[in-house]
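K.L.:
Here you go, sequence then predicted model.
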Amino acid sequence: MPQWDDLYFRHNFKDTGQYPTAGWLCESPDVIPLGADPVSDPGELISDLNWGKDLGSSTKASEPNFIYLRGQNLSSSDTEGDLYLYYSPASMLLWPTDPLDPKKGWARNPLTTSAGAKFLTVKPEAGARFVTHEAFQWIPAPIENDHYCLVGRIVTEKDPNPIPELGEITDFAAYVAQHPDIAWRNVTMINPSAPISTELYDYSQGSLEHQIYFNLNADNAPDGSEIMMSCGTPGPSPMLNKRGTVDNPPDGGTFTVTLLSLVPANWSSNITMTWKSNGKVPLPGMRIWIDPILPTSADDPVLGAFARPLEEFGISPEDIPQGGPRLGIRLGSVTMQTPPIALNSPDQRYYGMSRDDAGPATTSSLLFTGTQWTRTTGSVFGSRSSTVDIAVTREQADPDGKTETVALTETDAGSDSDVAVDTVLETGTFGGEAYVILQANNVPVGCDIWFRSLSGSVPIGIRPRQIDDPIDFLVSQKVELPAEYTAELQIDLRLNGNKLSPDSTLDLKILGILPPGEANSSSIVLPGEDVPRPGKVLGSVIVKL
């Protein structure tokens, strides 16, 4: 059998680079999922002690998982290669790109690092082992009765290794056996029994290396639940990984865990913030947030006037180095408030669930699927935007299942926030002329509203329109919808410095036009018209802001 003479992954521990490879192909020990705890020195993964070990662990749904790739240079010269990583549910691993739906296939699911890198470069010497200097990051969605597959790929000048066009899983297995620069690993998915909420936010250090306190705080989180922050990008010492089991102070104050880390100049990455309920029920107004605190002194000519005692930020004396600065400046903040809760719906549809899991509708409908609320926060070093979670409750659903009314609750909406609400349009058996109508009720003059399609072949969307009627304002679009059509739509609201009133609502309706005399039709009045026409409401989502 031929011997590979380039960078390679082992398909199993008996794999020496001869191909086609015999034995198991879907358990590569060189794809290493380490769960929520990246390592500070990835070189340990290729030490003599660990080279012969499968160090991978089970992955957890809805939590950050960090994955390293390792391998060996089998050539007689120093070689540079780019390493890529992809994921896919096992049921989709029939082809890298689905010929019937180009949006599907593992090639459409690349993973990136915490810093956003799409690939990682290694430069091993001849015969040497290699490992990615940082981890790829993955927050997998829950999956039932199945598992995920991870696919690693090496690209070198000698072997560009283009993504293949394959049709069946047997073809893929044969391809892996013939290509030592492809790794395949099935990973077991642990579906946590308790709700989990995870948010990513960006951090940029700027031009100065400095010690930074990272405070992970929780208000009104139940005792026994867990809060975590994690980051797989190397640079800070120690790495930005910290967790704590909530044990609220007797006085009902904030629970805080602190990490002091030396962050290098120009370091940037995203940091994940996670809350695990561990079976505990969220308390009203629960919020979790991260505050980066810059330690400084009172005589600093720039920062001294703004500095406050570190204890006021919740940093305990035990976490302050002896002889170190006793004052600090908050650099910014990001908040996750009241994690998503289950909608009280008879068919058990949940906020944040995959739209694919909602299933096709037997009749036309609009299904509420999620929301985002973007907040801009400021500090003495400027401002940044972050996305916070919104508590969602379903207030009612019409018996015909075509109208959902949901309430979004966020205790401090603020005048600088934007709202985005996702829905799924399902036409069922209806096909023909229809109107998409977005109506704003009691939304302040000067705000902007619009809607757009996130998927589907029918172009649906309008440009932002500024509200000039505080009581009743609408925008609309005429479209031609085919039967059995499904598309994702998004409703957008921009406040432009205005503040919502307690009775502000947005109402997205789809009105279908029917021929005269059509059964089950009713009289509807279309935008810009005074005379009713036969038609019906295909679906409606009412959002109470």
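P.N.:
Nice, I can see it. All values derive from a computational prediction rather than experimental measurement.
K.L.:
can you map out the strands along the stretch 201-350 of the chain?
P.N.:
210-219, 226-230, 242-245, 255-263, 268-276, 287-296, 308-309, 327-330, 334-337 (DSSP state E, counting those that start in this stretch).
K.L.:
Of all those, which one is nearest Asn441?
P.N.:
strand 334-337 (25.1 Å; Cβ to Cβ). C-betas here are computed from N, CA, C, even on glycine.
K.L.:
average model confidence for that closest one?
P.N.:
When pLDDT is averaged along strand 334-337, the result is 62.
K.L.:
Tell me which of the strands of the stretch 201-350 of the chain sits nearest to Ala22.
P.N.:
From those, taking Cβ to Cβ, the stretch that ends up closest is strand 226-230, at 38.2 Å.
K.L.:
Just the C-alphas of the closest one, formatted as PDB.
P.N.:
The C-alpha coordinates for strand 226-230 follow below in PDB (Å, rounded to 0.1, in the frame of the first residue of the first chain):
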ATOM      1  CA  GLU A 226     -24.100  27.500  37.800                       C
ATOM      2  CA  ILE A 227     -22.500  30.400  35.900                       C
ATOM      3  CA  MET A 228     -19.500  30.200  33.600                       C
ATOM      4  CA  MET A 229     -17.400  32.200  31.300                       C
ATOM      5  CA  SER A 230     -15.000  30.600  28.800                       C
END
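K.L.:
quick one: strands adjacent to that strand?
P.N.:
If you go by DSSP bridges, strand 226-230 pairs up with strand 242-245 (antiparallel), strand 268-276 (antiparallel).
K.L.:
By mean pLDDT, show me the worst of the strands of the stretch 201-350 of the chain.
P.N.:
strand 334-337 (a mean of 62).
K.L.:
and Leu454, what is it in contact with?
P.N.:
By Cβ atoms under 8 Å, 6 or more residues apart in numbering, the contact list for Leu454 reads 422, 487-490.
K.L.:
cutoff 6 Å now
P.N.:
Counting by Cβ atoms under 6 Å, 6 or more residues apart in numbering, Leu454 touches 488, 490.
K.L.:
returning to that earlier point: determine which stretch of the strands paired with strand 226-230 is the most buried.
P.N.:
The highest mean neighbour count among the strands paired with strand 226-230, using mean count of other Cβ atoms under 10 Å, belongs to strand 268-276: a mean of 22.
K.L.:
which residues of the stretch 401-545 of the chain fall in strands?
P.N.:
Secondary structure of the stretch 401-545 of the chain by DSSP E, counting those that start in this stretch: the strands cover 403-409, 418-426, 432-441, 448-453, 465-466, 472-481, 486-494, 505-513, 522-524, 533-544.
K.L.:
Of these, give the one that comes closest to Gly43.
P.N.:
Using Cβ to Cβ, the nearest of these to Gly43 is strand 418-426, at 42.5 Å.
K.L.:
Output the contacting helices and strands for the closest one.
P.N.:
strand 365-379, strand 486-494 (3 or more Cβ pairs under 6 Å, 6 or more residues apart in numbering; DSSP states H and E).
K.L.:
just to revisit the earlier point, any idea which of the strands of the stretch 201-350 of the chain gets closest to Gly428?
P.N.:
Closest to Gly428 of these is strand 334-337 (Cβ to Cβ; 36.4 Å).
K.L.:
Which residue, other than its chain neighbours, is closest to Val122?
P.N.:
Nearest non-adjacent residue to Val122, counting by Cβ to Cβ, 6 or more residues apart in numbering: Phe130, 4.1 Å away.
K.L.:
so that neighbour is in which element?
P.N.:
Phe130 belongs to strand 129-131 when elements are defined using DSSP states H and E.
K.L.:
how deep is the residue nearest to Val122 tucked in, by neighbour count?
P.N.:
If you count neighbours by other Cβ atoms under 10 Å, Phe130 ends up with 25.
K.L.:
Next, the contact list for it, please.
P.N.:
71, 122, 124.
K.L.:
What distance do you get for the nearest residue to Leu240 once chain neighbours are set aside to Tyr84?
P.N.:
Excluding the flanking residues, the one nearest Leu240 by Cβ to Cβ, 6+ apart is Cys231, at 4.1 Å. Note on Cys231: its distance to Tyr84, by Cβ to Cβ, to the nearest Å, is 21 Å.
K.L.:
ok, back up a step: among the contacts of Phe130, which one sits closest to Pro502?
P.N.:
Val122 (56.6 Å).
K.L.:
Quick check: the closest one vs Gly206, distance?
P.N.:
Shown here: Val122 relative to Gly206, a distance of 29 Å by Cβ to Cβ.
K.L.:
So if I had to pick from these two, which one is more boxed in?
P.N.:
Neighbours per residue, other Cβ under 10 Å: of Val122 and Gly206, the larger number sits with Val122, 22 against 14.
K.L.:
per-residue confidence at Leu511?
P.N.:
You'll see Leu511 listed with a pLDDT of 89.
K.L.:
Without its sequence neighbours, what residue ends up closest to it?
P.N.:
Nearest residue to Leu511 in three dimensions, chain neighbours excluded: Tyr435, at 4.6 Å (Cβ to Cβ, 6+ apart).
K.L.:
circling back: who's more crowded, Cys231 and Tyr84?
P.N.:
Cys231 (28 against 20).
K.L.:
Could you pull up the residues touching that one?
P.N.:
114, 240, 269, 271.
K.L.:
Look up phi and psi at it.
P.N.:
With angles defined as degrees, to the nearest 10, Cys231 sits at phi -160, psi 130.
K.L.:
And for the nearest residue to Leu545 once chain neighbours are set aside, the neighbour number?
P.N.:
Of all residues not flanking Leu545 in the chain, Ser504 sits nearest, at 4.3 Å (Cβ to Cβ, 6+ apart). Counted with other Cβ under 10 Å, the neighbours of Ser504 add up to 21.
K.L.:
so Ser504 sits right up against Ala440, yeah?
P.N.:
No - between Ser504 and Ala440 there is no contact, the gap being 7.8 Å when judged by Cβ atoms under 6 Å.
K.L.:
So Glu44 belongs to a strand, correct?
P.N.:
No - secondary structure of Glu44 (DSSP: H, G, I helix; E, B strand; the rest coil): helix, not part of a strand.
K.L.:
Check what pLDDT it gets.
P.N.:
pLDDT, read off for Glu44, is 94.
K.L.:
And for the one 4 residues further on?
P.N.:
Residue-level confidence at Asp48 comes out at 95, pLDDT.
K.L.:
try Ser277
P.N.:
80.
K.L.:
what separates it from Ser62, distance-wise?
P.N.:
In terms of Cβ to Cβ, Ser277 sits 11 Å off from Ser62.
K.L.:
Who has more neighbours out of these two?
P.N.:
Using other Cβ under 10 Å, the more surrounded residue of Ser277 and Ser62 is Ser277, with 20 against 17.
K.L.:
buried stuff in stretch 12-30?
P.N.:
For stretch 12-30, burial by neighbour count (16 or more other Cβ atoms under 10 Å) applies to 12, 15, 17, 19, 21, 25-30.
K.L.:
Closest one of those to Cys149?
P.N.:
Of the buried residues of stretch 12-30, the one sitting nearest to Cys149 (Cβ to Cβ) turns out to be Cys26, at 7.2 Å.
K.L.:
for that closest one, what are its contacts?
P.N.:
Cys26 neighbours (Cβ under 6 Å, 6+ apart): 184, 186.
K.L.:
let's go with 7 Å and repeat that
P.N.:
Applying Cβ atoms under 7 Å, 6 or more residues apart in numbering to Cys26 gives the contacts 184-186.
K.L.:
Asp202 contacts Thr272, doesn't it?
P.N.:
No - under the criterion of Cβ atoms under 7 Å, Asp202 makes no contact with Thr272, lying 11.3 Å away.
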